[in-house]
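# could you work out the structure for the sequence below:
(one chain, ligands or ions: 2)
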Amino acid sequence: MGMWTKALSGLTTGLVIAVWATETIAARAADKTPQLHALPPLQEQADIVDSWTEERKVLIPGLLRKYGVDAWLMSQREYAEDTVFWALKDAVQFSARRRTTHLFLASPKNGAKNSYSWIDNTAGVWEDLRKLFAEQQLLKPRTIALNTHPEIAFASGLHAGELDTISSALGDEWADRFVLEPMLPVEVVATMVPSRLPWYRRMQETAWAIIEEAFSEKVIVPGKTTALELEWWMREKIQSLNYTTWFQPGVYILTAEGFPLKKERTASRNELRASADRPIQHGDLIHTDFGVTALGLNTDTQHLGYVLYPGETEADIPKGMIEGLKKVNRLQDIVKGNMKIGLTGNKILRASLAQMRDEGIEGKIYCHPTGEWGHSAGTVIGMTNLQDGVPILGEMPLLKDTYYSIELFAEHFVPERNQTLFFPQEEDVYWDANTESWEWVYGRQEKFLLISTPAEDASENPSEL
Ligand SMILES: *[C@@H]1O[C@H](CO)[C@@H](O)[C@H](O)[C@H]1NC(C)=O
Ligand SMILES: *[C@@H]1O[C@H](CO)[C@@H](O)[C@H](O)[C@H]1NC(C)=O
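Ligands and ions are numbered 1, 2, ... in the order given. Alright, predicted model coming up:
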């Protein structure tokens, strides 16, 4: 049993480990190089993930009571899974099989259990369900929640055909009690049990380490290496570590033409690539949007690098750029400070934007939950194209015990360039139940990653300048 498996054996142990890790790794983030973390053998990974899933499942009856529903029914056929299926499955399940049906009860009576699962391809499952419901006479489930929301992905995983089947198979007596409580599936998926944190932090450190290596002279040869090559280098690096990812890494050379926002990236990626895919040059401000996936967890990070001219040192970074990074660091603090549990994402967005403008900062805020999925369940705090509020997704309350990506940019006029540049950043935070505050999972970027080349290069390769 490895050290991390032991950490999972109880909540208290998990918290102790988390506190220990906070101190040591926070110190490391400030003055040491982030390290790559190898994953344990597959069987051990499965044990770790299953123990997290068990901790999550234990929370479900309480969440049913919190949202005032007596029962929660989820049903799916192989390859047409409910979105929530992935948060509850065993590590060795790769899809639903036949018809896979889950029932959770808030307060079971008559010796019933809190949860039931069927894998069946006959009408037996419906007979069992009707019988179970009927046996709950004292309770008589008044409400049976189904995941049928028209807009929220995590609350809308019940396929239309499956709903038809359930309704007719259970009959009006039970179908009349079907209700929609979107926050129930949202909170089940969004909740990150404390024992996940030590591994999430290691994954975060690994993501930082990959970015740090990519944005260094070990990988970038100024005048030669292109952004596109760097993106594929990052993909290969992820692969070599036996991690995977949930989106293609993005590497961008930032210019006054603006920062390629996500919407535009998908709309005209080829066009963007054509302009971005020139060799990275001395004096370039470069940016990456990068995440890794392992153990059913996903990270999301954006960092900046600066390509020094030959022979230059940290002291030669244009002051305007250093100010730009400071400004976006300040914007991170503003958003973190406004992320009050229970407020809607839209309220947090408006308060943060107001404070940002009060402090004379121009920028955009577009934060999202992360962890179980890269863009996970829960309220969003702005989107790049919706800075006045996000319908529906921004109207949910902010939940505690979740992970968020603080994703945003600040604009800053860089006198040395005579240009206003965008300074994007993205860092993941977790809700710390002890301090009742959002804390960086690994840290945040306060210094540019530097690509330096020796002075001799200037005379050897004058064409590069
Ligand atoms: C990746 O997996 C292979 C095969 O199990 C293993 O030999 C190798 O050591 C792993 N690499 C890392 C960095 O964990
Ligand atoms: C700075 O840019 C502005 C407009 O973009 C231009 O009018 C001005 O001449 C530039 N200043 C210098 C010193 O190049």
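# in three-state terms, label residue 86 for me.
helix (DSSP: H, G, I helix; E, B strand; the rest coil).
# mind listing what it touches?
Residue 86 makes contacts with residue 372, as judged by CB atoms under 8 Å, 6 or more residues apart in numbering. All C-beta atoms are positioned from the backbone trio N, CA, C, and that covers glycine.
# local confidence estimate at it?
At residue 86, the model reports a pLDDT of 98.
# ok, the closest residue to residue 290 other than its chain neighbours - how many residues close by?
Leaving aside its sequence neighbours, residue 290 sits nearest to residue 249 (CB to CB, 6 or more residues apart in numbering; 4.7 Å). Per other CB atoms under 10 Å, the neighbour tally for residue 249 reads 21.
# got phi/psi on residue 249?
Reported as degrees, to the nearest 10, the phi and psi values for residue 249 are phi -60, psi 140.
# there's contact between it and residue 287 in this structure, I believe.
No - using CB atoms under 8 Å, residue 249 is not in contact with residue 287, being 11.3 Å away.
# mind telling me which residue of the stretch 351-465 of the chain is nearest ligand 1?
Here the stretch 351-465 of the chain gets closest to ligand 1 at one residue, residue 442, 19.2 Å apart by CB to the nearest ligand atom.
# quick check: that residue is in a helix.
No - under three-state DSSP, residue 442 sits outside any helix and is assigned coil.
# that one and residue 243, how far apart?
Taking CB to CB, to the nearest Å as the criterion, residue 442 is separated from residue 243 by 15 Å.
# in the strand ranked longest in the chain, what's buried?
When the chain is parsed with DSSP state E, its longest strand is strand 419-432. For strand 419-432, burial by neighbour count (16 or more other CB atoms under 10 Å) applies to 421, 422, 423, 424, 425, 426, 427, 428, 429, 430, 431, 432.
# and it, C-alpha only, in CSV?
Output of strand 419-432 as CSV, limited to C-alpha atoms (Å, rounded to 0.1, in the frame of the first residue of the first chain):
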residue,chain,number,x,y,z
GLN,A,419,1.6,48.9,-27.6
THR,A,420,-1.1,47.7,-25.4
LEU,A,421,-0.7,44.0,-24.8
PHE,A,422,-3.0,41.5,-23.2
PHE,A,423,-1.6,39.6,-20.2
PRO,A,424,-3.6,36.4,-19.8
GLN,A,425,-3.3,34.0,-16.8
GLU,A,426,-5.1,30.9,-15.6
GLU,A,427,-4.5,29.1,-12.3
ASP,A,428,-6.5,26.5,-10.4
VAL,A,429,-7.8,27.1,-6.9
TYR,A,430,-9.5,24.9,-4.4
TRP,A,431,-11.8,25.7,-1.5
ASP,A,432,-9.9,25.3,1.7
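# who are the packing partners of it?
When contacts are defined as 3 or more CB pairs under 8 Å, 6 or more residues apart in numbering; DSSP states H and E, strand 419-432 packs onto helix 197-214, strand 285-290, strand 301-307, helix 319-338, strand 403-414, strand 437-440.
# could these go into CSV alongside mean pLDDT?
Shown next, in CSV, are the helices and strands packed on strand 419-432 (pLDDT from 0 to 100):
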stretch, mean pLDDT
helix 197-214, 98
strand 285-290, 97
strand 301-307, 98
helix 319-338, 98
strand 403-414, 98
strand 437-440, 98
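# how about the ones you listed, which one is nearest ligand 1?
Ligand 1 lies closest to helix 197-214 among the helices and strands packed on strand 419-432, at 10.2 Å (CB to the nearest ligand atom).
# re the thing from before, skipping adjacent residues, who's closest to the residue of the stretch 351-465 of the chain closest to ligand 1 in space?
Per CB to CB, 6+ apart, closest to residue 442 is residue 204, 3.9 Å.
# burial check on that neighbour, number of neighbours?
Residue 204: 28 neighbours (other CB under 10 Å).
# list the contacts of the residue in the stretch 151-300 of the chain that ligand 1 sits nearest to.
Closest residue of the stretch 151-300 of the chain to ligand 1, CB to the nearest ligand atom: residue 242 (3.8 Å). Residue 242 is in contact with 38, 39, 294, counting by CB under 8 Å, 6+ apart.
# which among those end up buried?
Looks like the contacts of residue 242 have 39, 294 buried, using 16+ other CB under 10 Å.
# out of the contacts of residue 242, list just those in helices.
Judged by DSSP state H, helices contain none of these.
# would you list the contacts of residue 242 in CSV and tack on pLDDT and distance to ligand 1?
Output for the contacts of residue 242, formatted as CSV (pLDDT from 0 to 100; distance: CB to the nearest ligand atom, whole Å):
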residue, pLDDT, distance to ligand 1
38, 98, 4
39, 98, 6
294, 98, 10
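# and which of the contacts of residue 242 is nearest to residue 128?
residue 294 (36.8 Å; CB to CB).
# could you measure from the nearest residue to that closest one once chain neighbours are set aside over to residue 213?
Computed as CB to CB, 6+ apart, the closest residue to residue 294 that is not its neighbour in sequence is residue 243, at 4.7 Å. Distance, residue 243 to residue 213, by CB to CB: 14 Å.
# mind checking which of these two has more residues around it?
Regarding residue 243 and residue 213, a neighbour count based on other CB under 10 Å identifies residue 243 as having more, with 22 against 17.
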